[in-house]
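Undergrad: The sequence and its predicted three-dimensional model are supplied below.
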Amino acid sequence: MYAIVGAQVLTLLTGKQCEAVCGGQIMDCGGGRSMIIAPGRQEIRRARHLSDLRMYHCWIQVYLPDEATFDPVVVDFSARYDPQSAALFHLDFAAELQRDFIWCRLSDFDKPVPASLAPLYPRTGQRPAWLWRDARCETLLRQFQQDNAVQFAAITSAVLLNFVHRVETAMAKAMTTSTPAAPACV
């Protein structure tokens, strides 16, 4: 939901093409520990709905058409749950890696696969990356998005209304603290 609603909100706020995408990732837990979050090939083949997958990762890609090279911005609001994901697999998560979101370039995920994960890495023969899209996962994500379009529109509207309220409140507060008092009438 974060990726779908986030992509809708960011598209409306920025006017840029923002897309919820789905696939797998290698998650750094710190201290040389990492894990793969991705469904297996058989699991993907059997899945009829996104909920049929045990593990997958969704994020937002923002496409900036004025750039000479393809390197979309990656926005991941689910990063706040990385410690809980690590705990599910009995891995400690380094506190210094805790963050509320990720906002970087896709190329930042192009790095060697840790040796401990190489036997489990599903992208054999492809360029190593810590974040990758999967076409079947994305088909299931699109189906989920279409099946729940009304709910996602309502959530997106609520997020935007909350954002507007927060901006208006902050602006009103700034106006009252920076506006000098009116002169008294005599």
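TA: On my side now, so go ahead.
Undergrad: Tally up the residues packed near I44, please.
TA: 19 (other Cβ atoms under 10 Å). From N, CA and C alone the C-beta is placed, and that goes for glycine too.
Undergrad: what's near enough to touch it?
TA: L53, D134, R136, C137 (Cβ atoms under 8 Å, 6 or more residues apart in numbering).
Undergrad: pLDDT on the helix or strand containing it, on average?
TA: Following DSSP states H and E, one finds I44 within helix 41-46. Averaged over helix 41-46, pLDDT sits at 92.
Undergrad: Distance of A38 relative to P122?
TA: 6 Å (Cβ to Cβ, to the nearest Å).
Undergrad: and the two? which has more neighbours close in?
TA: Comparing A38 with P122 by other Cβ under 10 Å, the one with more neighbours is A38, at 24 against 15.
Undergrad: these two touch, right, that one and Q25?
TA: Yes. A38 lies in contact with Q25 (Cβ atoms under 8 Å); the separation is 7.0 Å.
Undergrad: V74: neighbouring residues, count only.
TA: 19.
Undergrad: Apologies, that question was intended for C104.
TA: Count around C104 with other Cβ under 10 Å applied: 12.
Undergrad: Helix or strand: which one has it?
TA: Going by DSSP H and E, C104 is part of strand 102-105.
Undergrad: residue contacts, the residue nearest to L64 when sequence neighbours are not counted?
TA: In this structure, L64 finds its nearest non-sequential neighbour in K16, 6.4 Å apart by Cβ to Cβ, 6 or more residues apart in numbering. Neighbour list for K16: L10, V62, Y63, L64 [criterion: Cβ under 8 Å, 6+ apart].
Undergrad: I60 and Q151: what is the separation?
TA: 18 Å.
Undergrad: Compare the two (neighbour count), which wins?
TA: I60 (27 against 12).
Undergrad: Just read off the phi/psi values of the closest residue to the more buried one other than its chain neighbours.
TA: Among residues not flanking I60 along the chain, V75 sits closest, at 4.2 Å (Cβ to Cβ, 6+ apart). The phi/psi pair for V75 (degrees, to the nearest 10) reads phi -120, psi 120.
Undergrad: returning to that earlier point: quick check on the contacts of K16: which are buried?
TA: Burial by neighbour count, judged by 16 or more other Cβ atoms under 10 Å, picks out L10, V62 from the contacts of K16.
Undergrad: Which one among the contacts of K16 sits at the bottom for pLDDT?
TA: For the contacts of K16, the pLDDT minimum is L64, 89.
Undergrad: Give me the phi and psi for it.
TA: Taking degrees, to the nearest 10 as the convention, L64 sits at phi -110, psi 100.
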